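> no FASTA, just this:
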């Protein structure tokens, strides 16, 4: 075998090895990218499901609920191209049924009361997650500028409303227990929360409602205060008369003892 042939064979072996290595690396890169994309889609699906299932119904209007479910279905379809799993098709059908139910429903969902700080904070976090989700949808051109702006303004209002609703819930509990001043204080807290977004017409409406309630409670508190508070001068006069009567009786008793002696 000539030196030229040997050289050619060596070159072919080297080129072949490089090609095999390149193909192997490309396959591994594609596999890693597929895993990364699959994980990203699964994470997105979980986040979207949290939004639709864990945010109380009074904080999601039907328009937002429809948009979230449509993105959930879209995410599942993307996931189905990367991963063979029967649960994906089941989830798609479940989301489609939920979507149709929202579109056909004519009744507003029953609100869930916010009773404590922990629940309020958790809902606020979910609404902040929804806010960022809308921003990403806008960046990905899946929502136009006007629609995304409308959603973001509304979600910003909801974040304040959650805190205001907790204050109102505390106020109602205080009123039931006869603690009118505590109730008034909590309604003032609700007003303060809404004042942060006072440019929003929905916030203005809520503020006016809270102020009306404050006025009603103040009138009740003043009325109760007048009924419970006695006239100090009358009380002093009554005490003086009681003391004089007591002294008179004491004098009579002393005179009687002196006479008996």
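Yes, it's here. Given the structure is predicted, the values throughout are model-derived calculations rather than measurements. Residues are numbered from 1 along each chain as shown.
> From the chain's centroid, how far away is the host helix or strand of residue 203?
Assigned by DSSP states H and E, residue 203 belongs to helix 201-228. Computed by C-alpha atoms, centre = their mean, to the nearest Å, the chain-centroid distance of helix 201-228 equals 26 Å.
> avg pLDDT for that helix?
If you average the pLDDT over helix 201-228, you get 90.
> Have a look at this protein and report its longest helix.
Longest helix of the chain, by residue count under DSSP state H: helix 3-54.
> Follow the chain on from that one and name the next helix or strand.
Scanning forward in sequence from helix 3-54 by DSSP H and E, the next helix or strand is helix 62-80.
> Show me the shaky parts of the stretch 101-250 of the chain.
Where the stretch 101-250 of the chain drops to pLDDT under 70, the residues are 227-250.
> State the number of residues packed around residue 118.
For residue 118, the count of nearby residues is 9 (other C-beta atoms under 10 Å). (C-beta placed from N, C-alpha, C; glycine too.)
> which stretch of helix or strand covers it?
Going by DSSP H and E, residue 118 is in helix 117-139.
> gap between the longest helix of the chain and the chain center?
41 Å.
> returning to that earlier point: check which residues of the helix holding residue 203 are buried.
For helix 201-228, the neighbour count (16 or more other C-beta atoms under 10 Å) marks 203, 206-207, 210, 213-214, 217 as buried.
> Can you lay out the residues you listed as a markdown table showing distance to residue 109?
Below are the buried residues of helix 201-228 laid out as a markdown table (distance: C-beta to C-beta, whole Å):
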| residue | distance to residue 109 |
| --- | --- |
| 203 | 22 |
| 206 | 20 |
| 207 | 25 |
| 210 | 24 |
| 213 | 24 |
| 214 | 29 |
| 217 | 29 |
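> What is the nearest of these to residue 59?
Lowest distance from residue 59 to these (C-beta to C-beta) belongs to residue 206, with 13.6 Å.
> Verify the contact between residue 64 and residue 151 for me.
Yes. Using C-beta atoms under 8 Å, residue 64 is in contact with residue 151, at 6.6 Å.
> and those two? which has more neighbours close in?
residue 151 (22 against 19).
> Can you name the residues in contact with stretch 29-39?
Residues outside stretch 29-39 that contact it (C-beta atoms under 8 Å, 6 or more residues apart in numbering) are 79, 82-83.
> for the record, mean pLDDT for stretch 83-99?
For stretch 83-99, the per-residue pLDDT averages 93.
> Could you check how far that stretch is from the centre of its chain?
Its chain's average C-alpha position is 27 Å from that of stretch 83-99, according to C-alpha atoms, centre = their mean.
> Ok, stretch 168-175 next?
19 Å.
> what's the answer for stretch 99-114, then?
With C-alpha atoms, centre = their mean, you get 17 Å for stretch 99-114.
> Show the pLDDT at residue 34.
Taking residue 34 on its own, its pLDDT is 87.
> For burial, what's the neighbour tally of the closest residue to residue 163 other than its chain neighbours?
Ranked by C-beta to C-beta, 6 or more residues apart in numbering and with sequence neighbours excluded, the top spatial neighbour of residue 163 is residue 193, at 4.5 Å. Residues lying near residue 193 (other C-beta under 10 Å) number 22.
> next one: residue 171
25.
> Which strand or helix spans it?
Short version, using DSSP H and E: residue 171 is in helix 145-176.
> For that helix, buried residues please.
148, 151-152, 154-171, 174-175.
> and what of stretch 17-27?
Applying 16+ other C-beta under 10 Å to stretch 17-27 flags no residue as buried.
> Identify all contacting residues around that stretch.
The contact list for stretch 17-27 (C-beta under 8 Å, 6+ apart) is empty.
> so for that stretch, what's the average pLDDT?
81.
> Skip the chain neighbours and tell me the closest residue to residue 122.
residue 54 is the one closest to residue 122 (C-beta to C-beta, 6+ apart), at 7.8 Å.
> who's in contact with that neighbour?
Residue 54 is in contact with 122-123, 126, counting by C-beta under 8 Å, 6+ apart.
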